[in-house]
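A.B. asks: below is the sequence, then the predicted model.
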Amino acid sequence: MTAKLEFERVSKRFGNRMVADDISFTVDQGEFFVILGPSGEGKSTLLRMIAGIEPVDAGTIRIDGRDVTDLAPHLRNVAMVFQNYALYPNMTVYQNIAFPLKMKFFSREEIEPKVRDVAKTLGITEILDRRVHQISGGQQQRVALARAIVRSPSIFLLDEPLSNLDARVRFGARAELKKIQRDLGQTFLFVTHDQKEAESLSDRTGVLHLGRFEQIGAFHEIYERPLSRWVGDFVGDFPMNFLPEASGDGELGFRTEWIEVGDGPYSAVVEVAERQGDVVSLLCRGPAGRRVFMTALQRPAVGETVHFRLRQSLHFAADGRLMDGGSLPSPPGPLSRGVP
Amino acid sequence: MIDPRPPAATHVKRRFTWSNIGLYATVVVLSIALLFPIYLIFLIAFVPDKYTLFSGRPPLIPPTLTLANLQTGLTLSTTPFIPSMLLSLEIAFMVGGIAIGLGIPTAYGLSRLRPTVAYGLTTILFVVNMLPSITIAIPITVPFIKAGLYGSPIAIALTQELLALPITTFLLVGAFQALPRDLESQARVDGANRMRALYGNLVPLVRPALVAAFLLSWMLSWDESTFALILYNPANPTLPVEIFLAFTGRGNPDIAVAFSFIATVPVIILTIFLQKYLKGEDLAVGVRG
């Protein structure tokens, strides 16, 4: 089976900054692929290169096995939802959704049922006659999505479409987006800096850093087994905690959930304690002055020393690469006694 | 939620206060200063010339009004004002049209360059405007004669374009630059080629700037007399040239003034007609972030 989307050694440079450094990856038919990375890492540029808005410096991009690297955007049959929705301000909602069909020379009679159908799916039938400045942000997001769906493109590109929504509506929009993708059975490429979105939406996530995918895989896999120190640090509500290895070579990485507070070979001093719902989040100063994020049920006093053990941990080499598959209770090192 | 609409204009009723009196006084003085010359033209145009041009002390209040000056101008064979006015109208609309037609692609291209480069190039366009028209008019006449364009309306329109195009381009570059880039990208992803995206999606959004550019180049042409004087066809000069000739050579100053008063009428009509398109409320919406 040919891949839906294929990047073959694609490079792109802005000035002296590599936004794509020899990237190769594939996305399968029907897959929800999330490109995750901090702001300004060139995630959007990647989408723009697929759409054809941004030229590629080197390499090949294929959609459905067809080389589209030098094809004009309007010939690629991809749909894109921009971060700011880019609704046509001089048109009504209906005209916005109908626009891609009009460009394909569908007749008025063919367009009407398609637009109404999509509008119904997204619950925006009542606002079809409105101007885009008369509708709310959430509605604008739906209109942008409707405009993408209406034309049955071969691939959907979404550039942080949820980031402009209120936190209140974002959760609903996220769930709805996932449902739409499942129902359509279409391939979605979704760019975000929000790992919550990657976690809940993606079949696979690619973590982009310095123009390369540091890791591609299922989100939980990336979370549990980051292939590099950078990924461990970037992914997660709490960044991964790192302590120097006992041998002095490389580091020990562990998630906050892998910590058992109460007793154990390690100790740390509480610096900040913050109640978040049922649990208390702690920022502590651990061995060798490293910061350690923990959670506890009781709120300890600031300055108090807590002892903890690790249920599991990962070993990272000095260059930041993951060394092994992790280990169960890691042996306490001599450093653990060096409480600051 | 942020309302993307521009704030609605609120009409606050201002109560009269003594502290505002300076403000009102300034407005009144300025208005009089600006309107007085027009009033003088009105006087010369519609008052018999024995009270105005041939009187040592022209009155400020018209003793009597007359249409005689206008009538003489319209009937006298030596003052073909009506054909001149029609020619001027023809040329002005040509200049406005060409300025828009060439200005759109030029400005679009410039707006897609880096702003510093775009400003540099736009400034170069203005070099022609910095020189006195006469220095350009003379060298330009020769190729026009060779091309057989001398004395034709299109020749005058094309030379006036030298002055109109930089201004139109400047206005439109700003308007295109103000549009979100994503709108064009979106249109192209949605299936529009570059031309369709430009003329179908972007141009409607810069309509206020287009109207302003058209009005400016139209009026520039309507007033322009240097190129029109050098390239004119003696049998049928443009209105400014005709007024100039009537004033200087043919000794009908009161008729000339009457027609310069009439010459303001098309400008006023056009401005009123196009003014409703100058509102820019569509411009800043539809794009969030």
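C.D. replies: Arrived safely. Numbers count the residues shown, from 1 in each chain, chains lettered A, B, ... in the order given.
A.B. asks: output the below-cut-off pLDDT ranges for the stretch 51-200 of chain B.
C.D. replies: Low-confidence segments of the stretch 51-200 of chain B, defined by pLDDT under 70: B:77-79.
A.B. asks: so what pLDDT did the residue nearest in space to the middle of chain A get?
C.D. replies: In chain A, the centroid-proximal residue (C-alpha atoms, centre = their mean) is residue A:36; its distance is 3.1 Å. You'll see residue A:36 listed with a pLDDT of 95.
A.B. asks: ok, now which ones touch it?
C.D. replies: A:43, A:192-193, A:195, A:198, A:205-208, A:235 (C-beta atoms under 8 Å, 6 or more residues apart in numbering or on different chains). The way it works is simple: take the backbone N, C-alpha and C, and place the C-beta from them, glycine included.
A.B. asks: repeat for residue A:208
C.D. replies: A:35-37, A:41-43, A:46, A:214.
A.B. asks: which of the residues you listed fall in strands?
C.D. replies: A:35-36, A:214 (DSSP state E).
A.B. asks: returning to what we had before: of all the contacts of residue A:208, which comes closest to chain B?
C.D. replies: Closest approach to chain B among the contacts of residue A:208 (C-beta to the nearest C-beta): residue A:46, at 14.3 Å.
A.B. asks: contacts only, for the closest one.
C.D. replies: A:19-20, A:23, A:35, A:191, A:208 are the contacts of residue A:46 under C-beta under 8 Å, 6+ apart.
A.B. asks: three-state assignment of residue 25?
C.D. replies: In the absence of a named chain, chain A is used. Counting by DSSP: H, G, I helix; E, B strand; the rest coil, the backbone at residue A:25 sits in strand.
A.B. asks: that one and residue A:83: what is the separation?
C.D. replies: Separation of residue A:25 from residue A:83 (C-beta to C-beta, to the nearest Å): 22 Å.
A.B. asks: quick one: residue B:229 and residue B:22, what's the gap?
C.D. replies: Note on residue B:229: its distance to residue B:22, by C-beta to C-beta, is 45 Å.
A.B. asks: more neighbours, those two?
C.D. replies: Per other C-beta atoms under 10 Å in any protein chain shown, whichever of residue B:229 and residue B:22 has more neighbours is residue B:229, with 18 against 9.
A.B. asks: where does the more buried one fall, phi/psi-wise?
C.D. replies: With angles defined as degrees, to the nearest 10, residue B:229 sits at phi -80, psi -40.
A.B. asks: any idea of the pLDDT on it?
C.D. replies: pLDDT, residue B:229: 85.
A.B. asks: is it true that it touches residue B:243?
C.D. replies: No. Using C-beta atoms under 8 Å, residue B:229 is not in contact with residue B:243, being 11.2 Å away.
A.B. asks: how far off centre is the lengthiest helix in chain B?
C.D. replies: In chain B, with assignment by DSSP state H, the single longest helix is helix B:81-111. On the basis of C-alpha atoms, centre = their mean, to the nearest Å, helix B:81-111 sits 10 Å off its chain's mean C-alpha point.
A.B. asks: check which residues of that helix are buried.
C.D. replies: Buried residues in helix B:81-111, defined by neighbour count with 16 or more other C-beta atoms under 10 Å in any protein chain shown: B:81, B:84-85, B:87-96, B:98-100, B:103-104, B:106-108, B:110-111.
A.B. asks: can you check stretch A:255-270 too?
C.D. replies: A:255-256, A:258-259, A:261, A:264-268, A:270.
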